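**Student:** after the sequence you'll find the predicted model.
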Amino acid sequence: MADNPVIFWFRQDLRLTDSPALVEAVESGAPIIPLYILDDATPETWSMGGASRWWLHRSLESLGKSLEKIGARLLLRRGRAAEIIPQLTEEIEASAVFWNRCYEPYAIARDTRIKKSLTDRGADARSCNASLLFEPWEIATRSGGPYKVFTPFWRACLNAAPRPEPVPAPESLAAPEARPAGDRLEDWKLLPTNPDWAKEFRDDWTPGEAGAQARLADFLEHRLTGYADGRDRPDRSQTSRLSPHLHFGEIGPRQLWHAVDRGRPESDKFLSEIGWREFCHHLLFHCPSMPSDNLRPAFDSFPWREDPAGLRTWQRGMTGYPIVDAGMRELWRTGWMHNRVRMIAASFLIKDLLIDWREGERWFWNTLVDADLANNAAGWQWVAGSGADAAPFFRIFNPVAQGEKFDPDGAYVRRYVPEIADLPDRWIHRPWEAPEAVLSEAGIQLGTTYPMPVVDHKTARRRALDAFREIKSD
C-alpha cells in the first residue's frame, strides 16, 4: 500500500485531533492526499444554507493552514462525490480512501455506492466513527429495536462501554511527489457579498479546530459552573456555543466526554445535551424520513395554515412579542439562537401561528451556523409534538411568561430589540399593555416603531388546541 498514495476524505470532521480514519491513513505508511469535496450537486442532499456556507469557508481556511504546518496541502474539488472519488482514485492510482462516517440518509446511500465503486476497482475503502459517542446501531432496546424515548436511551449510553480516549493529531503527513489540481476556495463563493449579511458573524465566531478548542477551554473555565440552571437564561452567557464546531467536526464528542469531570451536576447536564445530540442521530438513522415526515402519522392530517405574511413577520422578528423577536433577530445577526429561545420561537410559529413546522425547519437550516439535519429535524418535531419523545402539542409556550421567567430584567430583549430598550422591566415583555405615557416616554409608537402582536396569544392558544382536537378525533 505504501507505494501508492491514499486519499483522506474530509467531510464533517474538519479537524486533525481524534480522527480515527486519519490515524488509519497515517498508519498505512502511504503518502496522503487530504481532500474536501463540496458536494452540493446531488439532488437528494440538503444543500448547505447560507450561514453554514460562511462557516465552511472559514473552517476550510483554518484546516488548510493546519495541514500545511504538518507538511500537507488540502485538495479542494466541487461536484458529486460519487463521481469525484472514483475519478481521483484512478487519476492518482490511489490504493485506498479513508473517511469518517456521516449519518444523514443521503450520505449513507452515497458512501455505500462509493465503497462498492472503489472495491470494484481494486482500491480499499475504510471508514470510521468520529462524530458520535456510539454508532446509531450500537445502542438498542432489549428487543433489539431503536429507542424512541431519550431518558432510557441516554441511560443505556451511560451504561455502555467507556469511550476511548481521544487520539492526538498526527505530527506530520507524508506528501505525494505530485499533487493533483484542485479548486481555489475563493472560487466557491461561499461568503456573502452583496449584501454581506454575515459581517457580524466574525465578532461571535472563530470557525476551525483552534476556535473549537478555545471555545471549549473558555466554557470549562468560565461557564460550566452554574450551567445546569444558567443554560436556560438567554440574558446570560452560560451555554457552551460548541454546536457549530460539533456539526462541522472541528471537535468531537469524545473530546468533550473526557474534558469534563463526570458526576458533577453541571457536567452531567452538559453531557446529557451531548446525549440529546446522540439521540437525534439515533432517530435519524432509524427514521431517515424524519426531516420531511411526521414521526407520528396522526399529524399528517393537522390543519396547518397557509400564512406567508405571518411566516415573514416571524422570520424578520416582527411578531410584536419581544422574546420571540429577540431570538429571531439574534439568529439573523449571529447565525445562532439560544436554545431556550429556539423552543419559544418554534412554539410561536407552530402553535400561535399554526404554520407547519417544516417551514421553521427550512428557515433554521438556512440561517443557523450549527444547522444539523438530525438536530434540526428532531428539535422541530419535538416542539410540534409530532416526533419521538416529543413535548405534547398542548404544551404551548406563553411568550410573555417565558420572557419574564428566563429574561426577567429584559437584558436579552434590549440587546436585540433596541427600539423598546427604554421600557421599564415591568413592560418589556408586554409593551402593548404599557400605559400610553410610558410608551411615549420610551419613544415607542406601537404599530409604527414596534409592531402590535400579530396574534392574541390566548385566542391563538384556543385555536391551536381546537386544531389538535381535530386530529385526536380522527
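**Tutor:** Thanks, I have it. It should be emphasised that the depicted structure is a prediction, and the values quoted were computed from it without experimental measurement. Numbers count the residues shown, from 1 in each chain.
**Student:** CA atoms only: put stretch 406-425 into PDB for me.
**Tutor:** The C-alpha trace of stretch 406-425 is given here as PDB (Å, rounded to 0.1, in the frame of the first residue of the first chain):
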ATOM      1  CA  PHE A 406     -36.000  33.500  31.600                       C
ATOM      2  CA  ASP A 407     -35.100  37.100  30.800                       C
ATOM      3  CA  PRO A 408     -36.500  38.800  33.900                       C
ATOM      4  CA  ASP A 409     -34.700  42.100  33.500                       C
ATOM      5  CA  GLY A 410     -35.200  42.200  29.800                       C
ATOM      6  CA  ALA A 411     -31.400  42.300  29.100                       C
ATOM      7  CA  TYR A 412     -31.700  39.900  26.200                       C
ATOM      8  CA  VAL A 413     -34.700  41.600  24.600                       C
ATOM      9  CA  ARG A 414     -33.000  45.000  25.000                       C
ATOM     10  CA  ARG A 415     -29.900  43.700  23.200                       C
ATOM     11  CA  TYR A 416     -31.700  42.500  20.100                       C
ATOM     12  CA  VAL A 417     -34.900  44.700  20.100                       C
ATOM     13  CA  PRO A 418     -33.400  48.100  20.800                       C
ATOM     14  CA  GLU A 419     -36.400  50.100  19.700                       C
ATOM     15  CA  ILE A 420     -38.100  49.100  23.000                       C
ATOM     16  CA  ALA A 421     -35.000  49.200  25.200                       C
ATOM     17  CA  ASP A 422     -36.200  52.200  27.200                       C
ATOM     18  CA  LEU A 423     -39.300  50.400  28.500                       C
ATOM     19  CA  PRO A 424     -39.300  49.600  32.200                       C
ATOM     20  CA  ASP A 425     -38.800  46.000  33.200                       C
END
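**Student:** buried residues, that stretch. List them.
**Tutor:** Going by neighbour count (16 or more other Cβ atoms under 10 Å), the buried part of stretch 406-425 is 406-407, 410, 412-417, 419-421, 423. To be clear about C-beta, it is placed using only N, CA and C from the backbone, and glycine gets the same treatment.
**Student:** cool, stretch 298-313 as well?
**Tutor:** 299, 302, 307, 310, 311, 313.
**Student:** show me the contacts for the fourth one.
**Tutor:** It refers to residue 310. Contact partners of residue 310, counting by Cβ atoms under 8 Å, 6 or more residues apart in numbering, are 353, 355, 454, 455.
**Student:** tell me the phi and psi of residue 10?
**Tutor:** When read as degrees, to the nearest 10, the backbone of residue 10 gives phi -70, psi 140.
**Student:** I figured it hits residue 38, correct?
**Tutor:** No: assessed by Cβ atoms under 8 Å, residue 10 is found out of contact with residue 38, at 11.1 Å.
**Student:** which of those two has more neighbours?
**Tutor:** residue 10 (25 against 20; other Cβ atoms under 10 Å).
**Student:** what's across from the more buried one in the sheet?
**Tutor:** Note on residue 10: beta-bridge partners residue 36, judged by DSSP bridges.
**Student:** and it, what does it touch?
**Tutor:** Applying Cβ under 8 Å, 6+ apart to residue 10 gives the contacts 34, 35, 36, 63, 74, 99.
**Student:** show me what contacts the fourth one?
**Tutor:** For residue 63, the residues meeting the contact criterion (Cβ under 8 Å, 6+ apart) are 10, 14, 15, 36, 74, 208, 209.
**Student:** for those residues, which one is nearest residue 325?
**Tutor:** Ranked by distance to residue 325 (Cβ to Cβ), those are led by residue 208 at 31.8 Å.
**Student:** find the nearest non-adjacent residue to the closest one, please.
**Tutor:** Nearest-residue entry for residue 208: residue 62, 2.6 Å, with adjacent residues in sequence omitted and distances by Cβ to Cβ, 6 or more residues apart in numbering.
**Student:** element containing the one you found, please.
**Tutor:** According to DSSP states H and E, residue 62 maps onto helix 50-69.
**Student:** and stretch 450-469, how far out from the chain's middle?
**Tutor:** Centroid separation between stretch 450-469 and its chain, computed with Cα atoms, centre = their mean, to the nearest Å, is 29 Å.
**Student:** and it, which residues are buried?
**Tutor:** For stretch 450-469, the buried set under the neighbour-count rule, 16+ other Cβ under 10 Å, comprises 450, 451, 453, 454, 455, 457, 460, 461, 463, 464, 467, 468.
**Student:** contact partners of that stretch?
**Tutor:** For stretch 450-469, contacts defined as Cβ under 8 Å, 6+ apart pick out 302-303, 310, 313, 318-321, 351-354, 385, 393-394, 396, 398-400, 417, 419-420, 431-432, 444, 446.
**Student:** likewise for stretch 69-81?
**Tutor:** Here stretch 69-81 makes contact (Cβ under 8 Å, 6+ apart) with 9-10, 16, 32-42, 60, 63-64, 67, 84, 88, 110, 114, 169-175, 179-180, 182-185, 188.
**Student:** and for stretch 256-267?
**Tutor:** 133, 163, 165-166, 216, 220, 224-228, 242, 246, 268, 270-271, 274.
**Student:** regarding this protein, what is its longest helix?
**Tutor:** Counting residues, the longest helix found in the chain (DSSP state H) is helix 265-286.
**Student:** in that helix, what counts as buried?
**Tutor:** Result for helix 265-286 [16+ other Cβ under 10 Å]: buried residues 266-268, 270-286.
**Student:** in helices only, show me the contacts of stretch 450-469.
**Tutor:** Mapping these onto helices (DSSP H) picks out 310, 313, 399, 400.
**Student:** reformat these as CSV; add distance to residue 52.
**Tutor:** Below are the ones in helices among the contacts of stretch 450-469 laid out as CSV (distance: Cβ to Cβ, whole Å):
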residue, distance to residue 52
310, 26
313, 25
399, 28
400, 33
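**Student:** all the strands of the chain, residue numbers only.
**Tutor:** Using DSSP state E, the strands of the chain run over 6-10, 32-38, 75-78, 96-100, 124-128.
**Student:** tell me which of the ones you listed sits nearest to residue 233.
**Tutor:** Of all these, strand 96-100 sits nearest to residue 233, with 35.1 Å by Cβ to Cβ.
**Student:** what is the closest one packed up against?
**Tutor:** Using 3 or more Cβ pairs under 8 Å, 6 or more residues apart in numbering; DSSP states H and E, the elements in contact with strand 96-100 are strand 6-10, helix 20-27, helix 105-120, strand 124-128.
**Student:** just want the angle from the second one to strand 124-128.
**Tutor:** Yep, that's helix 20-27 we're talking about. Here helix 20-27 runs at an angle of 140 degrees relative to strand 124-128 (axes from the mean of the first three to the mean of the last three Cα atoms, to 10 degrees).
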